[in-house]
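J.: what's the 3D shape of this:
(3 chains)
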Amino acid sequence: MASQESASLLKRLAGPSSGKAGLAKDQTEINRIIAEASKGSKFYEARLLNKHNEKRKDKELTERINKLLKAREEALRNVDISKIELNVDRIVVELESQRDLSQTIVHVDMDAFYANVELLHNPDLKDKPFAVGYGVLTTASYEARKYGCRSGMASHIAKKLCPELILVPNNFSRYSEMSSRIMDIFSRYDPNMCPAGADEAYLNITEYCAQHDISPDDCVQEMRKAVFDDTKLTVSAGIAPNKVTRDLVKLICSDRNKPNGQFRLEFESKAIFEFMKDLSIRKVPGIGRVSERLLDSIGVKTCGDIFVQRAVISLLDKQFGLGLRSLLQTGLGIASNVVAPHQREERKSIGVERTFHTISDKEKLFEKLKEISEELEKDMSEGGWAGSTVTLKYKLDTYQVFTRAKSSTRWITKKEDLLAIGKELLVPELPLSLRLIGLRVTSLKDLRLSDSVGIKRVGAFW
DNA sequence: AGATGAAGGACCC
DNA sequence: GGCCAGGGTCCTTCACGG
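T.: This next block holds a predicted model:
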């Protein structure tokens, strides 16, 4: 039991960068270097000091799993499994009958976007291992990926993996400028296209293909060429009857990490199911480390396992937050095929946060808060937003994060107000040694809208 | 009893 | 040389005024 516990704690400490596929360097070698480099880092030390918290979280998860297993045992007693499976199968039939294969949905994803934009500005970087970002990598060039460097990885660890790694600072204005150029091109193929971040988008090209009497494959080929001709940036794409995640696109169309390609999923239930079957459950959007372990505990590792364990999932439906139907849809590869642009009124919050070298001095912390208030005021006025709740976020030098919020009856827009409320929230907490401060405003009001109440729309992915 | 606010987390790009 | 970001969304749990 004790060793099991520590194994799971290790897994937690290993962080998100483990378990991904490697390339030129052997993965076990990469893991070794990462583990070794992590040991010396402040982050790791802080987490060790912070073991209490880590252990607590880990224990809670373990408890949740034990509870789940117990509930399963309980539920499985005196129950006719095949009968339950039959019930689930009825749902499957129903879901299957509702499957809509009439739309052609494309997921486009710029290849190593930030890195390639930087490359355009500095051709010297060509064929060199480089990465964008400082503290953590935002993107790694393909050359750098061969050494195991990935986005989200701490830069000092990346340096260990690849000592020649060149680090380039983020140039967000560059990326967003390039992004809108690319999105404009996508819009020609679907005016209702939905951007998903700066470097990817969902499109419904059904109309376009019909009007231009062109096959989806050719259409996407043409679109990718249009982007390349205009920007010299390459884009990968996945074509399916409904939305498919970037992970899937990468997985299928790219033989692992080969960019600049496209792939069309066979528009046929059986083929889609075959494809989903061996896919790790972790690739499903919304399933992160925690849910992965929860599912793993009842024997669900792949999307196909959802069906193997359908009786148990059905019995435990409530306890587990993930919902039987949506899991079945996942397993069947059924997702939404509605592509619509984001609505302004869907915006829920706006915030700014900054990391810095640890500060304990009160006045210096106020100074940071002031800078953040100014940035936030700028973002809010540019976006045309006011808000009534202000949330202060701070991270200790031990990496523990806290938030403190205050709602007001007025609409906040000005930096003076932001600063005042920020201070008000921060002062009772002092003294503190902080490495991050942030402010976020919620309960927004759209200043560009007269004062109508927007119609809410739901944008479920699956 | 159900809303609502606050705090903490999981997840995503 | 740099030493684990910063923009979000959504969900759960707890407490409490009217």
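J.: hang on, isn't A:L436 packed against A:K393?
T.: Yes: between A:L436 and A:K393 there is a contact at 7.3 Å, judged by Cβ atoms under 8 Å. Every residue, glycine included, has its C-beta placed from N, CA and C.
J.: what residues are shared contacts of these two?
T.: By the contact definition Cβ atoms under 8 Å, 6 or more residues apart in numbering, A:L436 and A:K393 are jointly contacted by A:E353, A:V401.
J.: Which neighbouring elements make contact with the helix or strand harbouring A:Y394?
T.: Taking DSSP states H and E as the criterion, A:Y394 maps to strand A:385-396. For strand A:385-396, the elements it packs on are strand A:349-359, strand A:401-412, helix A:415-426, strand A:434-446, judged by 3 or more Cβ pairs under 8 Å, 6 or more residues apart in numbering; DSSP states H and E.
J.: chain center to that strand: distance?
T.: In terms of Cα atoms, centre = their mean, to the nearest Å, the centre of strand A:385-396 is set 22 Å apart from its chain centre.
J.: Now that strand: buried residues?
T.: Neighbour-count burial for strand A:385-396, counted by 16 or more other Cβ atoms under 10 Å, picks out A:W385, A:A386, A:G387, A:S388, A:T389, A:V390, A:T391, A:L392, A:K393, A:Y394, A:K395, A:L396.
J.: Considering the residues you listed, which is situated nearest to A:D109?
T.: Closest approach between these and A:D109, by Cβ to Cβ: A:W385, at 29.1 Å.
J.: what about the nearest residue to A:V92 once chain neighbours are set aside, which SS state?
T.: Nearest non-adjacent residue to A:V92, counting by Cβ to Cβ, 6 or more residues apart in numbering: A:L328, 5.9 Å away. Here A:L328 is recorded as helix under DSSP: H, G, I helix; E, B strand; the rest coil.
J.: Count the residues that sit near A:L328.
T.: 22 (other Cβ atoms under 10 Å).
J.: Same check on the one 10 residues further on?
T.: In terms of burial, A:V338 registers 18 neighbours under the definition other Cβ under 10 Å.
J.: what residues are up against it?
T.: Contacts of A:V338 by Cβ under 8 Å, 6+ apart: none found.
J.: roughly how far apart are it and A:N204?
T.: Counting by Cβ to Cβ, to the nearest Å, the separation of A:V338 from A:N204 is 8 Å.
J.: cool, A:R354 as well?
T.: Separation of A:R354 from A:N204 (Cβ to Cβ): 39 Å.
J.: so A:N87 touches A:S314, yeah?
T.: Yes: A:N87 lies in contact with A:S314 (Cβ under 8 Å); the separation is 7.0 Å.
J.: Compare neighbour counts for those two and give me the winner.
T.: Neighbours around A:N87 and A:S314, counted as other Cβ under 10 Å, are more numerous at A:S314. The numbers are 18 against 13.
J.: Please, which helix or strand holds the more buried one?
T.: Using DSSP H and E, A:S314 sits within helix A:310-315.
J.: mind listing what whichever residue of chain A sits closest to DNA strand B touches?
T.: Using Cβ to the nearest atom of the strand, the closest approach of chain A to DNA strand B is made by A:G288 at 1.8 Å. Contact analysis of A:G288 by Cβ under 8 Å, 6+ apart lists A:R282.
J.: now what about stretch A:128-146, what contacts it?
T.: With Cβ under 8 Å, 6+ apart as the test, stretch A:128-146 has contacts from A:23-25, A:112-115, A:118-119, A:125, A:127, A:147, A:149-155, A:158, A:162, A:164-170, A:257, A:259, A:355.
J.: Show me which of the residues you listed are buried.
T.: Buried members of the contacts of stretch A:128-146, scored by 16+ other Cβ under 10 Å, are A:25, A:112-115, A:118-119, A:125, A:147, A:149-151, A:153-155, A:158, A:162, A:165-166, A:168, A:259.
J.: Check those one by one and keep those near DNA strand C.
T.: With the criterion set as Cβ under 7 Å from any atom of the strand, the members of the buried ones among the contacts of stretch A:128-146 near DNA strand C are A:S151, A:A154, A:S155, A:I166.
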